[in-house]
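>>> prediction below, plus the sequence it came from.
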Amino acid sequence: MTQPQAPSVPRRARPHLRVRRKIYLFLFAFGFIAYLQHASITIAGVPMMPQLRMNEVQLSWLFDAFILGYTIMQFPGGLLGQRFGARLTFVAIGLVAFAAMLATPLAPALFTGATLVAVLLTAQLLLGLAQGPIFPVSAGVFEAWFRPVRWPLVQGVQSMGLQLGAAVAPLLIAPLMSAFGWQRALLWTTLPALAVIVWWGWYARDTPAGHPGVSAEELAELGPTSTGSAPQPMSWARAWALLKDRDVLLLTVSYLLMNYVYYLLSTWVFLYLVQERHFTVLESGVLAAAPPLAAAVGAGAGGYAASVLSKRLGARRGLRIIPLLSLPAAGLLQFLAVDAVNAYLAVVALALCYACVELNEGPYWAAIMHVARTDTMAASGLLNTGGNIGGLIGIPIVGYLAQHQAWTSAFLLGTVLAVLSAAAWLFVDPTRRA
């Protein structure tokens, strides 16, 4: 006897579906992959120098080529995201980044001398250009898919994913390099990115209302903004309003100053541990994972704390508290790291310093989202342009100081800039809309 079937539940009425969480996991994965890709080059740089007859300054050129491309594409990347939507933009930039990562380990088999250096510089420039739009476009996705009270948290947790990628890099790349060489290590860690790109292109949509899996309950949870259309291309008037806005400029300058410290820690710690603290490559591979792991914890904790503080105190005061406390602490910890007699204590101080820096990712990006709202992709591009100018300027400075064994000067400069970065927050008001 045939049993009566229960009535089917319409797809859009199933309350257990939370598509925004799946969209968020994709963005988390894109950030993780991006930082794994970039950090793997900094680890591979140690064996690349003797094998390819490069010195520290030439290696810094590769780092700077990435930062140059990354910086150039921040604001244009935000504009592209608003023009074509996040779905198509992530597919396009993901494929370019994948090709650039493959070119780096393959180039020494095809080229030598100055030609090889030019190819490596071009590959790093393309990688930077491809990764540049990731976080401005991600910020626009967060603005559309999450409520404002959640913005610091989602930004902080995504930054945690970035640091986990950076932390995995030395743990993964250093043993692979020791066993198989740096070229195979880079090839094998590049391939999984392709699966994420294809899956995103199939699943993602630009707005909650445009996704067939979003239920009516989830749209109600997101509020009235969830039914809006995809981001529209920027007009010149709106772009000019962002460029001259007081809070956009203050946040951008502050982020620039903070990111000297960020790039000092994210780019040069492995080499610092080998050169100045005299650890082996394998020891440095393990110890160099400590700062990004601490930074990952700091990013998640900072995003959560900023969300709680914003809910209780409002966006203006709630987002300001963490930078005013943590950035001076980061400055002090840099001083303690270079002054430490015990090498392991120096690693601990650097890890805590990195955590203090990353506590601020949620506040910075949530603040720019409050200022710009529907133009978040473009405004976030401006913010991250400033942040990466800090790296573009700082990386060759640290490379020069490292070549002359002047690591103490590199870290003390970071102490000064961290304090100045905190001071700029005294004048920021995220509620004063652009």
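Arrived safely. Residues are numbered from 1 along each chain as shown.
>>> residue 428 and residue 248 touch, don't they?
No: Residue 428 sits out of contact with residue 248 when judged by C-beta atoms under 8 Å, with a separation of 9.8 Å. Where C-beta positions appear, they are placed from N, C-alpha and C, glycine not excepted.
>>> return every residue with contacts to both of those two.
Residues touching both residue 428 and residue 248 (C-beta atoms under 8 Å, 6 or more residues apart in numbering): none.
>>> relative to residue 386, how far out is residue 169?
25 Å (C-beta to C-beta, to the nearest Å).
>>> chain neighbours aside, what residue packs nearest to residue 196?
residue 29 (5.1 Å; C-beta to C-beta, 6 or more residues apart in numbering).
>>> tell me the buried residues in the host helix or strand of the one you found?
Assigned by DSSP states H and E, residue 29 belongs to helix 19-52. Buried positions in helix 19-52, judged by neighbour count with 16 or more other C-beta atoms under 10 Å: 19-20, 23-24, 26-48, 52.
>>> counting neighbours, what do you get for residue 202?
Look at residue 202: counted by other C-beta atoms under 10 Å, it has 8 neighbours.
>>> helices and strands of this structure: which one bottoms out on pLDDT?
helix 281-287 (a mean of 70; mean pLDDT, DSSP states H and E).
>>> what is the rounded mean pLDDT of the helix holding residue 29?
Mean pLDDT, computed over helix 19-52, is 86.
>>> what about that helix, distance to the chain center?
Mean C-alpha position of helix 19-52 versus that of the full chain (C-alpha atoms, centre = their mean, to the nearest Å) differs by 10 Å.
>>> which helix or strand lies directly C-terminal to that helix?
helix 56-72.
>>> which residues touch that following helix?
The contact list for helix 56-72, computed with C-beta under 8 Å, 6+ apart, reads 38, 41-42, 45, 48-49, 117, 120-122, 124-132, 263, 267, 271, 385, 388-389, 391-392, 395-396, 398-400, 402-403.
>>> again, only using 7 Å
Residues outside helix 56-72 that contact it (C-beta atoms under 7 Å, 6 or more residues apart in numbering) are 38, 41-42, 45, 49, 120-121, 124-129, 131-132, 267, 385, 388-389, 391-392, 395-396, 399-400, 402-403.
>>> other SSEs contacting the helix holding residue 29?
helix 56-72, helix 86-106, helix 113-131, helix 134-145, helix 151-180, helix 182-190, helix 193-203, helix 246-275 (3 or more C-beta pairs under 7 Å, 6 or more residues apart in numbering; DSSP states H and E).
>>> next, the buried residues of the helix or strand harbouring residue 319.
If you go by DSSP H and E, residue 319 is part of helix 315-339. By neighbour count with 16+ other C-beta under 10 Å, helix 315-339 contains the buried residues 315, 318-323, 326-338.
>>> same question, stretch 370-380
In stretch 370-380, counting by 16+ other C-beta under 10 Å, buried: 370-372, 374-380.
>>> so what touches it?
75, 78-79, 81-82, 135-137, 139-140, 143, 148, 231, 234, 238-239, 242, 245, 247-248, 315, 365, 368-369, 430-431, 433-434.
>>> could you do stretch 76-85 as well?
By C-beta under 7 Å, 6+ apart, stretch 76-85 touches 89, 132-133, 136-137, 140, 206, 230-234, 377-378, 380-381.
>>> next up, phi/psi of residue 132, please.
phi -50, psi -50 (degrees, to the nearest 10).
>>> I figured it was touching residue 89, is that so?
No: counting by C-beta atoms under 7 Å, residue 132 stays clear of residue 89, with 11.0 Å between them.
>>> so between the two, which is more surrounded?
Neighbour count, other C-beta under 10 Å: between residue 132 and residue 89, residue 132 has more, with 30 against 23.
>>> not including adjacent chain positions, what is the nearest residue to that one?
residue 73 (2.8 Å).
>>> low-confidence bits of the chain, can you list those?
Across the chain, the ranges flagged by pLDDT under 70 are 1-17, 166, 224-232, 278, 281-282, 285, 433-434.
>>> can you name the residues that contact residue 49?
Contacts of residue 49 by C-beta under 7 Å, 6+ apart are 55, 59.
>>> related to what we said a few turns ago, do you know how far the residue nearest to residue 196 is from residue 109?
30 Å.
>>> list the buried residues in the helix or strand hosting residue 77.
Assigned by DSSP H and E, residue 77 belongs to helix 74-84. For helix 74-84, a neighbour-count test (16+ other C-beta under 10 Å) marks 74-82, 84 as buried.
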